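[1] This is a predicted model, with the sequence first.
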Amino acid sequence: MMADKPTNPTILRVAELSPHKPLVFNIVPDTAENARIADELGLSALRKLNFRGKLMADGKSDWRLEATLGATVVQPCVITLAPVTTRIDQFVARNFLANMPEPDSIDEIEMPEDETTEPLGDTIDLILVMTEALALALPDYPRSDDARLENAEFSAPGVTPMTDEETKPFAGLAGLRDKLEKGD
């Protein structure tokens, strides 16, 4: 009996990959898939998403993925919420290891020195790798060019509001120094 083929061509069964010939891929998701990924990542919009590269055997049981990720993303500005468009072009590498090093204890798991290393399962999901790479490449704090963070002053009625300068660690010492110099 023949094993069922995955219904999604971007989910690759490792047992069916050729160890002698790299698998070349070029994934360009359709509008619906872009919308799903944008929703998953909290983006306002996602356009021109492309994930192109190759997956090749690395030794007897490991696999290496090398690809380029391209995307145009729209995120809300962290200050004004205005749309901020960013172009992302990034190299992506993943090493899928059949025998991942075991952690010393279950309570503490250290991050491996090589952040491109992942455990090799029965399948490699190229959409999942692409989405993860995109999430890691997104700007953490997108800002529109004209966004300015103004000083905000908050205080109870009748109380002089604190300024940003007064919240600095040595602001209190400067005030004390000034009082001592005046002889108060």
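    That came through fine.

[2] List phi and psi for the nearest residue to residue 122 once chain neighbours are set aside.
    Nearest residue to residue 122, sequence neighbours excluded (CB to CB, 6 or more residues apart in numbering): residue 14, at 6.0 Å. Backbone N, C-alpha and C define where each C-beta goes, glycine included. Main-chain torsions, residue 14, degrees, to the nearest 10: phi -60, psi -40.

[3] Can you report how many residues lie near residue 14?
    Number of residues near residue 14 (other CB atoms under 10 Å) recorded here: 17.

[4] What pLDDT is listed against the residue most central in space within the chain?
    Most central in the chain under CA atoms, centre = their mean is residue 136, positioned 1.6 Å from the mean C-alpha point. As predicted, residue 136 sits at a pLDDT of 94.

[5] Give the buried residues for the strand or helix carrying it.
    Assessed by DSSP states H and E, residue 136 sits inside helix 126-137. Judged by neighbour count using 16 or more other CB atoms under 10 Å, the buried positions of helix 126-137 are 126, 127, 129, 130, 131, 133, 134.

[6] next one: stretch 35-51
    Neighbour counts using 16+ other CB under 10 Å place 37, 38, 43, 46, 49, 51 of stretch 35-51 among the buried residues.

[7] mind checking which helix or strand the first one is in?
    Element membership for residue 37, per DSSP H and E: helix 31-41.

[8] roughly how far is the helix or strand just after that helix from the heart of the chain?
    Next in sequence after helix 31-41, counting helices and strands by DSSP H and E, comes strand 45-58. The chain centroid and the centroid of strand 45-58 are separated by 15 Å under CA atoms, centre = their mean, to the nearest Å.

[9] Could you list every helix and strand in contact with strand 45-58?
    strand 23-27, helix 31-41, strand 62-76, strand 83-97, helix 126-137 (3 or more CB pairs under 8 Å, 6 or more residues apart in numbering; DSSP states H and E).

[10] Identify whichever of the ones you listed lies nearest to residue 10.
    Relative to residue 10, the nearest member of those by CB to CB is helix 126-137, separated by 4.3 Å.

[11] what angle sits between the closest one and helix 31-41?
    If you take axes from the mean of the first three to the mean of the last three CA atoms, to 10 degrees, helix 126-137 sits at 50 degrees to helix 31-41.

[12] Just the CA atoms of helix 126-137, as PDB, please.
    This file holds the C-alpha atoms of helix 126-137, laid out as PDB (Å, rounded to 0.1, in the frame of the first residue of the first chain):
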ATOM      1  CA  LEU A 126       7.700  25.400   4.300                       C
ATOM      2  CA  ILE A 127       4.800  27.800   5.000                       C
ATOM      3  CA  LEU A 128       5.500  27.500   8.700                       C
ATOM      4  CA  VAL A 129       9.200  28.200   8.200                       C
ATOM      5  CA  MET A 130       8.300  31.200   6.000                       C
ATOM      6  CA  THR A 131       5.800  32.600   8.500                       C
ATOM      7  CA  GLU A 132       8.200  32.200  11.400                       C
ATOM      8  CA  ALA A 133      11.000  34.000   9.400                       C
ATOM      9  CA  LEU A 134       8.600  36.800   8.500                       C
ATOM     10  CA  ALA A 135       7.600  37.200  12.100                       C
ATOM     11  CA  LEU A 136      11.200  37.500  13.200                       C
ATOM     12  CA  ALA A 137      12.000  40.000  10.400                       C
END
